[in-house]
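J.: here is my input; please provide its structure:
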Amino acid sequence: TMLNHCNDPLSKGSSSEIDWCEDNYKYSEHVVEYFNTMSSFFFFIISPIMLYLLHPYAKERNLAIHMVWTMMIFVGLFSAYFHMTLSFVGQMLDELSILWVLALGYAVWFPRRLFPSFIKERSTFSSLVLVVTVITTVSSFVKPTANAYVLNCFGLHMLYALRLAKVSVALWVLAISCWISDRFGCSFWQRLNFCYLHGIWHILIVTAVAYGSTLIAYLDANYEIPYSLPGLQYWPCDKWAVGLPHIVLKVKIVF
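T.: Predicted coordinates:
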């Protein structure tokens, strides 16, 4: 069994086979994993900020890009619901929302020069991504416990594409390390009375996505709209060592 915790969620009506390291019902009788639930709300903070920061680029490039960070809000919502209930429905909503974020990212940002030879338009490529994502969505119900591992493998593919972005890679590796450590090293963290690595994963991964998606968008802007002379800045202050990255279009041509 995958349940290696003192509190069996199935005994209190939860239906997911996955239980994270955090003690169940420790802080509230209505919330199974309190810290994991609360940390999911970082998605609600960072996602609207990124929507605002990337709007000039999306307006010039393609407003469909906003769908990525709009969907990230739903990732936070479904993540909170999953950890609050540890239900099978919550698990599937959480994992499938991540799958659809990845699919949207591929649809809007995958370089045209790398399209298969039989695909000439992005609309055709996006349709292909949609078909594959629908098939994957249906297939995910066959072995639900394997979904999270497959999704993390998609993340590793993104890391390969972003190998020059040190901060993005560092955040992603640290996030994945927290996820794996919580999943397989729970007994160790329980002895230290520190069972919050999955909640920390929530915070790190949404920040990593902010860095990674902005870098992809920056590379995309240089290729697709080079006349705008795209540059990178950081919010709330460009001089700070830590901040949320966003694209600045130095030249905007109005036709």
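
J.: test my guess that V129 contacts Y106.
T.: Yes - between V129 and Y106 there is a contact under Cβ atoms under 8 Å: 5.2 Å. To be clear about C-beta, it is placed using only N, CA and C from the backbone, and glycine gets the same treatment.

J.: list the contacts for the closest residue to L53 other than its chain neighbours?
T.: Nearest-residue entry for L53: H246, 3.5 Å, with adjacent residues in sequence omitted and distances by Cβ to Cβ, 6 or more residues apart in numbering. With contact set as Cβ atoms under 8 Å, 6 or more residues apart in numbering, H246 has these partners: 50, 53-54, 57, 214, 232-235.

J.: which of these sit farthest apart?
T.: Y57 and Y234 (14.8 Å; Cβ to Cβ).

J.: so between those two, which is more surrounded?
T.: Y57 (22 against 16; other Cβ atoms under 10 Å).

J.: so for that one, what's the pLDDT?
T.: Listed pLDDT for Y57 reads 93.

J.: what does Y160 give?
T.: pLDDT, Y160: 44.

J.: can you pull out the helices in the protein?
T.: Shown for the chain, the helices assigned by DSSP state H span residues 34-39, 42-53, 55-61, 66-85, 88-109, 122-139, 147-161, 166-184, 186-191, 197-224.

J.: could those be laid out in TSV, adding distance to D23?
T.: Shown next, in TSV, are these (distance: least, Cβ to Cβ, whole Å):
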stretch	distance to D23
helix 34-39	9
helix 42-53	21
helix 55-61	41
helix 66-85	12
helix 88-109	18
helix 122-139	32
helix 147-161	21
helix 166-184	13
helix 186-191	8
helix 197-224	12
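
J.: show me the one of those helices that comes nearest I18.
T.: When the helices of the chain are compared by Cβ to Cβ, helix 88-109 sits nearest I18, at 6.0 Å.

J.: tell me which residues in that closest one are buried?
T.: For helix 88-109, the neighbour count (16 or more other Cβ atoms under 10 Å) marks 88, 90-109 as buried.

J.: also stretch 51-70?
T.: Quick answer for stretch 51-70 (16+ other Cβ under 10 Å): 51, 53-54, 56-58, 60-62, 65-69.

J.: end to end on that stretch, go ahead and measure it.
T.: Stretch 51-70 stretches 8 Å from its first residue to its last (Cα to Cα, to the nearest Å).
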